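Visitor: I'll drop the sequence and a predicted model, then ask my questions.
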Amino acid sequence: MPRILVIEAHPDPASFGAALAQAYAAGASAAGATLETLTLAALRFDPILRAGHAGAQALEPALLQAQEAIQRADHLVFQLPVWWGSMPAVLKGFIDRVFLPGWAFQHEGGALPRGLLAGRSARVLATMDSPWWWYWLKHSRAAHRALIQATLHYVGIQRVAQTTLYKVRELSAPQREAWLQRARDLGAADARRLGG
C-alpha cells in the first residue's frame with residue numbers, strides 16, 4: 001500500500017487551495033493509499049534558518065515529526081498558492097528548516113550533492129490568481145522552478161508531476177467543483193500508479 005504525504009502550504013485552512021489538498025487526499029485514500037497530511041500553518045516552528053547551514057539549529061518536535069513523515073512517504077504532494085511569483089513564507093521556512101544537509105542531501109566532493117530523498121515521487125498542486133501567460137512569460141514560472149528544480153530535484157526527487165490552477169478568483173462555483181473533482185481524480189490516479 002503506497003504512502004502519500006500531503007503538505008498543505010496555504011495559511012488559510014478555509015481556502016480553496018486547502019479544499020483541493022483535501023480532495024486530493026480523499027481520492028488517494030479511496031484508491032487504497034495510506035494518507036498523512038501536514039498543515040504547515042498549524043505547525044509550531046521557527047521558520048528562520050538562523051545561521052544558514054553554518055551552524056546547528058535544534059529542530060522543534062513538529063519538524064522532527066515532519067521529517068519522519070517525509071521518510072515514510074513514497075509520494076509527496078505540495079499544495080501551495082503562488083503569491084508574488086513565489087511560494088508562501090510558511091513553505092519556504094519549512095523547506096529551509098527541514099531539508100537539511102545530512103538529511104535531505106549530502107555533499108561528497110562533486111559539483112552537486114547526492115540527494116538523500118531519492119526513490120520518492122512528488123506532485124506540485126498550485127493555485128494562483130494570475131493568468132498562465134503572465135506567470136510563464138513575466139515570472140518564468142519562478143515558484144515552480146524554485147520548488148521543483150532547486151529543491152525537489154536537488155534532494156533526489158526526480159519524478160515530479162505538476163498541476164496548476166490559474167485565475168482562481170474568477171472561477172464560478174461549478175468550475176470550483178470541477179477542479180475539486182479533478183483533484184480527487186489526481187489523487188486516485190497517483191495512488192494507483194504507486195500501487196494502491
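Guide: Perfect, thanks for sending it. Residues are numbered from 1 along each chain as shown.
Visitor: So which other helices or strands are in contact with the helix or strand hosting Leu64?
Guide: Assessed by DSSP states H and E, Leu64 sits inside helix 61-72. In terms of contacts (3 or more C-beta pairs under 8 Å, 6 or more residues apart in numbering; DSSP states H and E), helix 61-72 is packed against strand 3-8, strand 34-39, helix 89-98. Where you see a C-beta, it was placed from the backbone N, CA and C, and this is true even at glycine.
Visitor: got a list of contacts for the second one?
Guide: When contacts are defined by C-beta atoms under 8 Å, 6 or more residues apart in numbering, strand 34-39 is touched by residues 1-8, 13, 18, 21, 25, 28-29, 66, 69, 72-73.
Visitor: Reformat the helices and strands packed on helix 61-72 as CSV; add distance to Arg120, mean pLDDT and mean neighbour count.
Guide: Shown next, in CSV, are the helices and strands packed on helix 61-72 (distance: least, C-beta to C-beta, whole Å; pLDDT from 0 to 100; neighbours: other C-beta atoms under 10 Å):
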stretch, distance to Arg120, mean pLDDT, mean neighbour count
strand 3-8, 9, 98, 24
strand 34-39, 13, 97, 18
helix 89-98, 14, 98, 20
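Visitor: wait, which of the ones you listed is closest to Trp132?
Guide: Nearest of these to Trp132, taken as C-beta to C-beta: helix 89-98 at 21.1 Å.
Visitor: got the contact list for Gly93?
Guide: Going by C-beta under 8 Å, 6+ apart, Gly93 touches Phe45, Asp46, Pro47, Ile48, Leu49.
Visitor: which residues of the chain fall in helices?
Guide: Remark: helices assigned in the chain by DSSP state H are 16-30, 61-72, 89-98, 132-137, 142-144, 173-194.
Visitor: Check which residues of the fourth one are buried.
Guide: Read it as helix 132-137. Tyr135 (16 or more other C-beta atoms under 10 Å).
Visitor: Then the fifth one?
Guide: By 16+ other C-beta under 10 Å, the buried positions in helix 142-144 come out as Ala143, His144.
Visitor: quick one: average pLDDT of it?
Guide: Per-region confidence: helix 142-144 scores 95 on mean pLDDT.
Visitor: Which neighbouring elements make contact with it?
Guide: Going by 3+ C-beta pairs under 8 Å, 6+ apart, helix 142-144 lies up against strand 121-127.
Visitor: the inter-axis angle of the strand it packs on versus strand 3-8?
Guide: 30 degrees (axes from the mean of the first three to the mean of the last three C-alpha atoms, to 10 degrees).
Visitor: For strand 121-127, output the C-alpha coordinates as CSV.
Guide: The C-alpha trace of strand 121-127 is given here as CSV (Å, rounded to 0.1, in the frame of the first residue of the first chain):
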residue,chain,number,x,y,z
SER,A,121,7.9,11.0,-6.4
ALA,A,122,6.1,14.2,-5.9
ARG,A,123,3.2,16.4,-7.2
VAL,A,124,3.0,20.2,-7.1
LEU,A,125,-0.6,21.3,-6.9
ALA,A,126,-0.5,25.1,-7.2
THR,A,127,-3.1,27.9,-7.3
